[in-house]
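K.L.:
fold the following, please.
(2 chains)
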Amino acid sequence: RKEVEQDPGPFNVPEGATVAFNCTYSNSASQSFFWYRQDCRKEPKLLMSVYSSGNEDGRFTAQLNRASQYISLLIRDSKLSDSATYLCVVEENAGKSTFGDGTTLTVKP
Amino acid sequence: GAGVSQSPRYKVAKRGQDVALRCDPISGHVSLFWYQQALGQGPEFLTYFQNEAQLDKSGLPSDRFFAERPEGSVSTLKIQRTQQEDSAVYLCASSLSGGTQDTQYFGPGTRLTVL
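P.N.:
Numbers count the residues shown, from 1 in each chain, chains lettered A, B, ... in the order given. Got it, this is the predicted structure:
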């Protein structure tokens, strides 16, 4: 079992749809949590950090449930430009991050 | 300002050859990370430096892999006697301090193909 597991995807949604991605992690001592976005054949880029209280950045909402070891990302009003692979990242300690294999999203007109 | 740069961007090696991959982090960034990303998978942690000190090398897959950052800036990942399973994209990232919650900024990667 991988340390960080994500929905297998792919997700194909129409513009304007709301889509949610889930991620579970196995190390209960993990300290920090992130969502990164990776476009095809490009490097990963930070989308947002995930805090215990939940946090929102425009159309994106991230939530963390430490008891269930579960992280989610909600994208509202999907745009064509949201098409990418979304990587769940769990930081065990400073310097050691574990990435999920990503969930691919395609937003269609 | 300049981001993280990596060279070469593409490398084709014959099985058994040695390769050296270079990473130039963002100026002033203390921490530097190397990852290996196979097709269709997420990046896998290889090693981590804080300044010139290699604090974690637990992800290096074998003793054929070696990384250094002698002056606390540029880093080189060396792979000796390359094998076909080494074919992947090698990503370098840097962060300002390396503390938890610190953003990692990735370079464009080096795509290594071993024939």
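K.L.:
residues in chain B within reach of chain A, list them.
P.N.:
Chain B has residues B:31, B:33, B:35, B:40-45, B:48, B:50, B:55-56, B:58, B:91, B:98-104, B:106-109 near chain A, with proximity defined as C-beta under 8 Å from any C-beta of the partner chain. All C-beta spots, glycine's among them, are computed from the backbone N, C-alpha and C.
K.L.:
only whichever of the residues you listed are buried, select them in ChimeraX.
P.N.:
Selection of buried members from the residues of chain B next to chain A for ChimeraX, criterion 16 or more other C-beta atoms under 10 Å in any protein chain shown:
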select /B:31,33,35,42,43,44,45,48,50,56,91,98,102,104,106,107,108,109
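K.L.:
in which helix or strand would I find the residue positioned nearest the centre of chain B?
P.N.:
Centroid check for chain B by C-alpha atoms, centre = their mean gives B:Trp34 as the closest residue, at 3.2 Å. Using DSSP states H and E, B:Trp34 sits within strand B:31-37.
K.L.:
elements contacting whichever helix or strand comes after that strand?
P.N.:
Downstream of strand B:31-37, the first helix or strand assigned by DSSP H and E is strand B:44-50. With contacts taken as 3 or more C-beta pairs under 8 Å, 6 or more residues apart in numbering or on different chains; DSSP states H and E, strand B:44-50 sits against strand A:96-99, strand B:31-37, strand B:53-56, strand B:65-68, strand B:75-79.
K.L.:
output those strands as CSV; include the columns distance to B:Asp24 and mean pLDDT.
P.N.:
CSV is the format used below for the helices and strands packed on strand B:44-50 (distance: least, C-beta to C-beta, whole Å; pLDDT from 0 to 100):
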stretch, distance to B:Asp24, mean pLDDT
strand A:96-99, 21, 92
strand B:31-37, 10, 97
strand B:53-56, 18, 95
strand B:65-68, 14, 98
strand B:75-79, 8, 98
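K.L.:
wait, which of those strands is closest to B:Cys23?
P.N.:
Nearest of the helices and strands packed on strand B:44-50 to B:Cys23, taken as C-beta to C-beta: strand B:75-79 at 4.6 Å.
K.L.:
reformat the helices and strands packed on strand B:44-50 as JSON lines; add distance to B:Ser5.
P.N.:
Formatted as JSON lines, the helices and strands packed on strand B:44-50 follow (distance: least, C-beta to C-beta, whole Å):
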{"stretch": "strand A:96-99", "distance to B:Ser5": "21"}
{"stretch": "strand B:31-37", "distance to B:Ser5": "12"}
{"stretch": "strand B:53-56", "distance to B:Ser5": "21"}
{"stretch": "strand B:65-68", "distance to B:Ser5": "17"}
{"stretch": "strand B:75-79", "distance to B:Ser5": "12"}
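K.L.:
what secondary structure does A:Thr24 sit in?
P.N.:
Under DSSP: H, G, I helix; E, B strand; the rest coil, A:Thr24 falls in the strand class.
K.L.:
and A:Phe99, how far from chain B?
P.N.:
Relative to chain B, A:Phe99 is positioned 4 Å away (C-beta to the nearest C-beta, to the nearest Å).
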